[in-house]
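>>> sequence first, then the predicted structure:
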Amino acid sequence: MEKPREKGIKELILSRASNIFKRFGFKKTTMEDIAGSLNKAKGSLYYYFKNKEDIFRSIVEKEKSQLDDELAPILQGKLEPKDKLVRYFQKRIEFLDKLPNYYSALKDKHLEHYSFVADLREKSREEEIKSIRNILNEGIKAGTFRKLDPDKLAINIVSSMKYLEERAVSRENIKEIETDLEIMLDIILHGLVARN
């Protein structure tokens with residue numbers, strides 16, 4: 001079992017490294033940069049982490065867990081399916097700045113050859129599609145949404161959302177992204193809402 005002091009040091013390393021990765025990106029960040037931010041020798045980091053990839057993976061997993069914690073109340077809550085869908089996407093956009101390394105792992109071409117990144121990308125996409133499909137199925141069952149193929153629709157909705165997230169991550173105007181999200185959701189919902 002990890003001792004409290006060791007756990008505290010690991011958390012400090014991850015916190016400092018997270019800021020450095022956010023500022024310089026994974027490729028340009030070195031173990032020397034991380035060690036220097038802690039006023040430690042580079043070798044001392046290897047007691048806690050195997051390498052730079054191990055530190056980055058730990059940060060990304062932590063950020064992913066934070067996102068899951070934010071989305072869980074929405075997905076498990078008692079909102080109407082239409083409101084749940086809107087709130088789910090709003091929360092994702094709202095949380096982008098708090099998860100810079102997670103989103104970097106999802107989009108950065110330089111990271112594609114790391115197996116943990118490939119696994120993360122696949123798992124994240126599957127989870128998103130599943131979440132959207134569940135909301136769509138709730139709406140279809142409640143008679144709120146038309147009876148369309150929830151699997152195909154979920155894939156298309158997630159793909160549209162990825163486009164907005166990529167724009168937001170590349171530091172475009174967040175207000176413009178929020179407006180685009182409203183337009184996207186309006187199109188989706190008016191295409192989904194059951195007609196009487």
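Cool, got the structure. Predicted model, so just to flag it, every value in this text is computed and none were measured.

>>> the helices in this structure, which residues?
Read by DSSP state H, the chain holds these helices, from start to end of the chain: 4-28, 31-37, 42-45, 52-76, 81-94, 100-107, 115-142, 150-169, 174-192.

>>> among those, which is the most enclosed?
For the helices of the chain, average neighbour numbers computed from mean count of other CB atoms under 10 Å are highest in helix 100-107, which has a mean of 21. (C-beta placed from N, C-alpha, C; glycine too.)

>>> what's next to stretch 100-114, contact-wise?
Contacting residues not belonging to stretch 100-114 are listed as 18, 21-22, 25-27, 53, 56, 59-60, 63-64, 67, 96, 117-118, 120-121, 124, 165-166, 169 [CB atoms under 8 Å, 6 or more residues apart in numbering].

>>> mind putting the helices of the chain into a markdown table with mean pLDDT?
Formatted as a markdown table, those follow (pLDDT from 0 to 100):
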| stretch | mean pLDDT |
| --- | --- |
| helix 4-28 | 91 |
| helix 31-37 | 96 |
| helix 42-45 | 94 |
| helix 52-76 | 94 |
| helix 81-94 | 91 |
| helix 100-107 | 83 |
| helix 115-142 | 92 |
| helix 150-169 | 84 |
| helix 174-192 | 77 |
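
>>> let me see the domain layout of the chain.
The chain breaks down by automatic domain parsing into domains covering 1-49, 58-192.

>>> so what's the gap between the first one and the chain middle?
This points to domain 1-49. Here domain 1-49 is found 22 Å from its chain centre; the criterion is CA atoms, centre = their mean, to the nearest Å.

>>> just the terminal-to-terminal distance for stretch 90-98.
Chord length of stretch 90-98, first to last residue, is 14 Å (CA to CA, to the nearest Å).

>>> who's in contact with it?
Judged by CB under 8 Å, 6+ apart, the contacts made with stretch 90-98 from elsewhere in the structure are 63, 66-67, 70-71, 74, 103, 161, 164-165, 168-169, 174, 177-178, 181.

>>> among those, which one sits closest to residue 81?
Among the contacts of stretch 90-98, residue 74 lies closest to residue 81 (CB to CB), at 11.4 Å.

>>> next up, the contacts around the closest one.
Counting by CB under 8 Å, 6+ apart, residue 74 makes contact with 84, 87, 88, 91.

>>> doesn't residue 79 make contact with the second one?
Yes. A contact is recorded between residue 87 and residue 79 when judged using CB atoms under 8 Å, the distance being 6.4 Å.

>>> so what sits against both of these two?
When contacts are counted by CB under 8 Å, 6+ apart, the set common to residue 87 and residue 79 is empty.
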